[in-house]
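I would like the atomic coordinates for the input below:
(one chain, ligands or ions: 1)
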Amino acid sequence: MRPVSCLVLLAWAGAPALGVVVAAQENGTAAAADVRVLQVRDGIYMVAGAGGNVTVQVGGDGILLVDTGRAAMGDQVLAAIRTISNAPIRQIVLTHDHPDSAGGVATLRTAGDAVLGGNFGGRAGAAILAHENAWLRMSAGGLPPAALPTDTYHVRRHDFSFNGEPVEILHQPRAHTDGDSMVLFRRSDVISTGDIFSTTRYPVIDVASGGSINGVIDALNRLLEITIPRTLQEDGTLVIPGDGRLCDEGDVNWYRYMVTVIRDRVQDMATRGMTLEQVKAARPTLEYDGRYGSETGPWTTEMFIEAVYRGVSAPQSR
Ligand SMILES: [Zn+2]
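Just a heads-up that it's a prediction; the model follows:
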């Protein structure tokens, strides 16, 4: 089984004030041969197999990356990028701060060369952008300076142009974490979602980092507002998930439906006074477990149900 990319462990029972312990792990065991490159559109590629998916946008300005994969896979990701282009890496956008998505940033940054002014390249490495909440956690986490974002934003929507393409950075509050960004390549009609969306598991909700089930559903609904299908067939806006295969709006719609059904079931049970153990015993995820569930590993079905239960029970959840 391939490693789950977002290794977040949540434990409630007997935990301190926040009630949550998050332990993020690195997993550098994947072989270089596992790193694959998929062309998504002209000038847009997806690198898979190094942890979270990495998006590569290439053009006359250089290379823009969304996420980096794990630290231990940085050299392999760089090698994969070099099969696409030898242009300098100018800009890295981090969808959030988890090490399977942002861990390779030091390696890829130092292989890069930011644009400091006009069209002049600098020698300080690539620029790194993340939401300020992600930056706050990363800077408090003892990471070396080279692994920290050089720029932050704090608004709902941040934008710039790169390779002649409008790039929108969309903050989604209280979803997978409180510092999630989706990155929309507006001309290419491609969006990178980070761990807001996955094709391999139930959404990981990092409650200790401000994540919530209702925030995840809000994020998926926002994603559906952005995506547009090709008429009467697959394709249209292409969606690069944080983990899993390339998708379109139909895939997001299915996932949003699944997550919403489970949230509503758990919310109904909680409203009727059922305890967490009773909700788990009722198996509100049953028909989806074959595709998304897990009894072992860092994000089990029980952990997902628990996070949903706590989310719908919290007075500030809506
Ligand atoms: Zn994550």
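
can we go C-alpha only for contacts and neighbour counts from here?
Will do.

Helix, strand, or coil at the residue nearest to G43 when sequence neighbours are not counted?
Among residues not flanking G43 along the chain, V58 sits closest, at 4.9 Å (Cα to Cα, 6 or more residues apart in numbering). Classification of V58 by DSSP: H, G, I helix; E, B strand; the rest coil places it in strand.

burial measure for V58, as a count.
Other residues lying near V58 total 23 when counted by other Cα atoms under 10 Å.

how about it, what does it touch?
When contacts are counted by Cα atoms under 8 Å, 6 or more residues apart in numbering, V58 touches G43, I44, L64, S85, A87, N163.

Considering those, which is situated nearest to the ion?
The closest of the contacts of V58 to the ion turns out to be L64 (Cα to the ion; 20.0 Å).

ok, what's across the strand from that closest one?
Beta-bridge partners for L64, by DSSP bridges, are Q57, Q91.

okay, now T296: neighbour count?
Around T296 there are 9 other residues, counting by other Cα under 10 Å.

And it, how close does it get to the ion?
For T296, the distance to the ion equals 18 Å [Cα to the ion, to the nearest Å].

Make sure that residue is indeed in a strand.
No - assigned with three-state DSSP, T296 falls outside any strand and is coil.

In the stretch 1-150 of the chain, where is pLDDT below threshold?
1-33, 115-123 (pLDDT under 70).

the helices in it, which residues?
Using DSSP state H, counting those that start in this stretch, the helices found in the stretch 1-150 of the chain span residues 74-82, 99-102, 105-110, 132-140.

Ok, which of the ones you listed comes nearest the ion?
With Cα to the ion, the closest approach to the ion among these belongs to helix 99-102: 6.5 Å.

Check which helices and strands the closest one is in contact with.
Packing partners of helix 99-102 (3 or more Cα pairs under 8 Å, 6 or more residues apart in numbering; DSSP states H and E): none among the helices and strands.

Hmm, L220 and V252 touching each other?
Yes - in this structure, V252 is within contact of L220 by Cα atoms under 8 Å, at 7.2 Å.

if you count what's nearby, which of these two comes out ahead?
L220 (24 against 21).

Looking at the contacts of V58, which are in strands?
With strands taken from DSSP state E, the overlap with the contacts of V58 comprises I44, L64.

Highest neighbour count among the contacts of V58?
Neighbour counts for the contacts of V58 (other Cα under 10 Å) peak at L64, which has 24 neighbours.

Give me the residues contacting stretch 224-232.
D235, G236, T237, L238, D248, E249, G250, V252, N253.

Count the residues that sit near the third one.
Just to be clear, that refers to T237. Per other Cα under 10 Å, the neighbour tally for T237 reads 21.

Equivalent analysis for the fourth one, please.
Counted with other Cα under 10 Å, residues neighbouring L238 total 22.

same question, the first one
Here the neighbour count serves as a burial measure; for D235 (other Cα under 10 Å) it reads 15.

dump the residue contacts of it.
D235 touches P229, D248, E249, counting by Cα under 8 Å, 6+ apart.

The second one too?
Contacts for G236 were tallied using Cα under 8 Å, 6+ apart; they are D189, T227, I228, P229, R230, D248, E249.

quick one: the last one from T107, how far?
E249 is 33 Å from T107, where distance means Cα to Cα, to the nearest Å.

How about the third one?
As defined by Cα to Cα, I228 lies at a distance of 35 Å from T107.

more crowded one of these two?
T107 (20 against 16).

Identify the spatial nearest neighbour of that one, chain neighbours not counted.
G74 (5.6 Å).

wait, that neighbour sits on T68?
Yes - counting by Cα under 8 Å, T68 is a contact partner of G74 at 7.2 Å.

more neighbours, the two?
Higher neighbour count among G74 and T68: T68, with 33 against 21, using other Cα under 10 Å.

Show the contacting residues for that one.
Counting by Cα under 8 Å, 6+ apart, T68 has contacts G52, N53, V54, G74, V77, L94, S101, A102, G103, G104, V105, L108.

sorry, back to before: pLDDT and neighbour count added to the contacts of D235, as a markdown table?
Listed next are the contacts of D235 as a markdown table, based on pLDDT from 0 to 100; neighbours: other Cα atoms under 10 Å:
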| residue | pLDDT | neighbour count |
| --- | --- | --- |
| P229 | 92 | 15 |
| D248 | 97 | 22 |
| E249 | 96 | 22 |
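
Which of these fall in strands?
For those, not one is inside strands, with DSSP E as the criterion.

Just give me the closest of those to G194.
Ranked by distance to G194 (Cα to Cα), the contacts of D235 are led by D248 at 14.8 Å.

what sits against the closest one?
T227, P229, E234, D235, G236, T237, L238, V239.

State the number of residues packed around the last one.
What that stands for is V239. Neighbour tally, V239, other Cα under 10 Å: 24.

what packs against the helix or strand encompassing it?
Using DSSP states H and E, V239 maps to strand 238-243. In this structure, strand 238-243 packs against strand 190-198, with contacts taken as 3+ Cα pairs under 8 Å, 6+ apart.
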